[in-house]
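K.L.:
kindly return the folded structure for what I paste below:
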Amino acid sequence: MSVTNGMSGTKSTWRNWAGNITARPVREVSPASVEELSEAVRRAAEDGLRVKAVGSGHSFTATAATDGLLVRPDLLTGIRDIDRRAGRVTVEAGTPLKRLNVALAREGLSLTNMGDIMEQTVAGATSTGTHGTGRDSASIAAQITALELVTADGSVLTCSAKGTAEEAALFAAARIGLGALGIVSAITFAVEPVFLLTAREEPMAFDRVTDEFDSHVAENEHFEFYWFPHTGNCNTKRNNRSAGPAAPPSPVAGWIEDEFLSNGLFQVACSLGRAVPATIPAVARVSSRALSARTYTDTAYKVFTSPRRVRFMEMEYALPREAAVGALREVKATVERSDLRISFPVEVRTAPADDITLSTASGRDTAYIAVHMYRGTPYQAYFTAVERIMTAHGGRPHWGKVHTRDAEYLADVYPRFGEFTALRDRLDPERRFGNDYLRRVLGA
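P.N.:
As a prediction, this is how the structure comes out:
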């Protein structure tokens, strides 16, 4: 186990991907096994240190920040076991989703659904509720069938839906546990034979896509769209399973769309907008027409995900699906009657109801509305205005993205909130895994 401590007075500083969260732990560890992780947690308890594990830092909240022991899962990586007959794969918690997807494809296997990036670790992504879009298939956490967890006293627990009542309750909560119940050391996912998706990307007018939203969701396995503020333009993406053959974008066409336009030129546009906000509406009108329609077929994870090199701040809310179009129209009206200048598109996705205690889709069919601002651009006024709309519709904030909600609000929009906090009281009464963010969203 690699150990670094700050006893010399030179504490290392941890920063998240967006750069808005920093932490200065007194000690860092990189355990190479669940046994070493368990021992590190026990030692931290003896020394009176709080403990948090970090992944790739893609959360915009301080979920993983700590002033005590910071656990880096860099050595807890790789596939631990494959059960082809059961369609199960057990993977170490620190494994990046990118490496997992490549390894699964090599074995002829695949996750059923993915988010739109794959830089996160499996534990970081699932613990904060990372999701993609899907008519029938839900978040990455919803694909978990069992997990292994190191609790506050160093005990190693395993749980699944098929265990005892106590294990099943832990499983229902720990799949999206916010790091509040313990440190996830391994995850078992349901997997299926590798499959192809055909992606159809198409520009579409805002009024049309919102009028036809329900039919697009019903007719496609995976539907999402992006609205460009200051315009009436959207870009839609429909992903559906395909018998093949694979027909990925050519290297040149893929580079032009995914790197030059979506990252390189977009970076320039955002930088210009940050320097001269008055140019943003005109740039938005041009950029919203830059991406043309295209259709391609490729391995699922290559269709689900895309590179995201332009850094930003993000807030996302989960709404009852039937409220999404009305809420989005309110956002559009708010932007149009304000002095706000928004260079990033607004993203809309969906997910079916699931049974995870603190999932943003817990118990209800859900639509997600995500707003972004280029890093370094003031975002508070925009996010505050959007958050006011989202909360009026009973919105649930994404656990890893910017929001201002507290335990009182969250207890009202999550019917099973009390189940989670009661379990936390039992597993971590001394708040070994606590921090200021968890105190705000879960209570003392």
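K.L.:
drop to CA atoms for contacts and neighbour counts, all remaining ones
P.N.:
Will do.
K.L.:
quote the end-to-end distance of stretch 70-79.
P.N.:
Stretch 70-79 has an end-to-end distance of 23 Å (C-alpha to C-alpha, to the nearest Å).
K.L.:
tell me how far the ends of stretch 425-438 are from each other?
P.N.:
13 Å.
K.L.:
please renumber so the chain begins at 56
P.N.:
OK, 56 is where the count begins now, so the last one is stretch 480-493.
K.L.:
could you give me the average pLDDT of it?
P.N.:
Regarding stretch 480-493, the rounded mean pLDDT is 98.
K.L.:
again with stretch 275-293
P.N.:
97.
K.L.:
quick one: low-confidence parts of the protein?
P.N.:
59-66, 307-308, 310-311, 314-316 (pLDDT under 70).
K.L.:
for Thr446, which three-state class applies?
P.N.:
Using DSSP: H, G, I helix; E, B strand; the rest coil, the three-state assignment for Thr446 comes out as helix.
K.L.:
ok, it - contacts?
P.N.:
Going by C-alpha atoms under 8 Å, 6 or more residues apart in numbering, Thr446 touches no other residue.
K.L.:
residues contacting the residue lying closest to Pro248 once chain neighbours are set aside?
P.N.:
Nearest residue to Pro248, sequence neighbours excluded (C-alpha to C-alpha, 6 or more residues apart in numbering): Leu164, at 4.4 Å. Residues near Leu164 by C-alpha under 8 Å, 6+ apart: 246-249.
K.L.:
redo the residues you listed as TSV? Include secondary structure.
P.N.:
Converted to TSV, the contacts of Leu164 look like this (three-state DSSP):
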residue	secondary structure
Val246	coil
Glu247	strand
Pro248	strand
Val249	coil
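K.L.:
which of those residues has the largest number of neighbours?
P.N.:
Neighbour tally across the contacts of Leu164 (other C-alpha atoms under 10 Å): the maximum, 22 neighbours, falls on Val246.
K.L.:
that one against Val144, yeah?
P.N.:
Yes - the criterion here is C-alpha atoms under 8 Å, and Val246 meets it with Val144 at 6.8 Å.
K.L.:
related to what we said a few turns ago, and which of the contacts of Leu164 is nearest Asp410?
P.N.:
Taking C-alpha to C-alpha as the measure, Asp410 lies nearest Val246 of these, at 18.8 Å.
K.L.:
check contacts around that closest one.
P.N.:
Taking C-alpha under 8 Å, 6+ apart as the test, what Val246 contacts is 142-144, 164-167, 198.
K.L.:
list only buried entries from the residues you listed.
P.N.:
143-144, 164-167, 198 (16 or more other C-alpha atoms under 10 Å).
K.L.:
where exactly do the helices run in the stretch 206-355 of the chain?
P.N.:
Ranges of helices within the stretch 206-355 of the chain are 220-229, 261-266, 268-274, 306-309, 321-330, 335-342, 355-359, based on DSSP state H, counting those that start in this stretch.
K.L.:
assign the residue most central in space within the chain to helix, strand or coil.
P.N.:
Computing the C-alpha centroid of the chain and ranking residues by C-alpha atoms, centre = their mean puts Thr185 first, at 2.7 Å. Here Thr185 is coil, with the state taken from three-state DSSP.
K.L.:
how far away is it from Ala193?
P.N.:
Applying C-alpha to C-alpha, the value for Thr185 to Ala193 is 10 Å.
K.L.:
with Arg154 instead?
P.N.:
Using C-alpha to C-alpha, Arg154 is found at 21 Å from Ala193.
K.L.:
give me the more crowded residue out of the two.
P.N.:
Taking neighbours as other C-alpha under 10 Å, Arg154 and Ala193 compare with Ala193 leading, 24 against 17.
K.L.:
the contacts of Val246 in helices, which ones?
P.N.:
Applying DSSP state H to the contacts of Val246, no entry is found in helices.
K.L.:
which of those residues sit farthest apart?
P.N.:
The span of the contacts of Val246, defined through C-alpha to C-alpha, is set by Leu164 and Gln198 at 13.7 Å.
K.L.:
how close does the closest residue to Pro300 other than its chain neighbours sit to Arg255?
P.N.:
The shortest distance from Pro300 to any non-neighbouring residue, by C-alpha to C-alpha, 6+ apart, is to Thr352 (7.5 Å). Thr352 sits 9 Å away from Arg255, going by C-alpha to C-alpha.
K.L.:
what's the answer for Val338, then?
P.N.:
25 Å.
K.L.:
thinking again about what came up before, counting neighbours, what do you get for the residue nearest to Pro300?
P.N.:
Count around Thr352 with other C-alpha under 10 Å applied: 23.
K.L.:
what segments of the stretch 356-499 of the chain are helices?
P.N.:
Counting by DSSP H, counting those that start in this stretch, the stretch 356-499 of the chain has helices at residues 379-391, 435-447, 462-468, 472-482, 491-497.
K.L.:
can I get those in TSV with distance to Thr116?
P.N.:
TSV is the format used below for the helices of the stretch 356-499 of the chain (distance: least, C-alpha to C-alpha, whole Å):
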stretch	distance to Thr116
helix 379-391	23
helix 435-447	14
helix 462-468	15
helix 472-482	20
helix 491-497	8
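K.L.:
between those helices, which one is closest to Pro80.
P.N.:
helix 491-497 (14.0 Å).
K.L.:
quick one: contacts for Ser297?
P.N.:
By C-alpha under 8 Å, 6+ apart, the contact list for Ser297 reads 250-253, 352.
K.L.:
mind checking how far it is from Ala355?
P.N.:
Distance, Ser297 to Ala355, using C-alpha to C-alpha: 10 Å.
K.L.:
how about Leu251?
P.N.:
Distance of Leu251 to Ala355, computed by C-alpha to C-alpha: 5 Å.
K.L.:
which of those two has more residues huddled nearby?
P.N.:
Under the criterion of other C-alpha under 10 Å, the comparison of Leu251 against Ala355 puts Ala355 first, with 25 against 21.
K.L.:
quick check: that one touching Pro248?
P.N.:
No - with contact defined as C-alpha under 8 Å, Ala355 does not reach Pro248; the gap is 10.8 Å.
K.L.:
no further questions, thank you.
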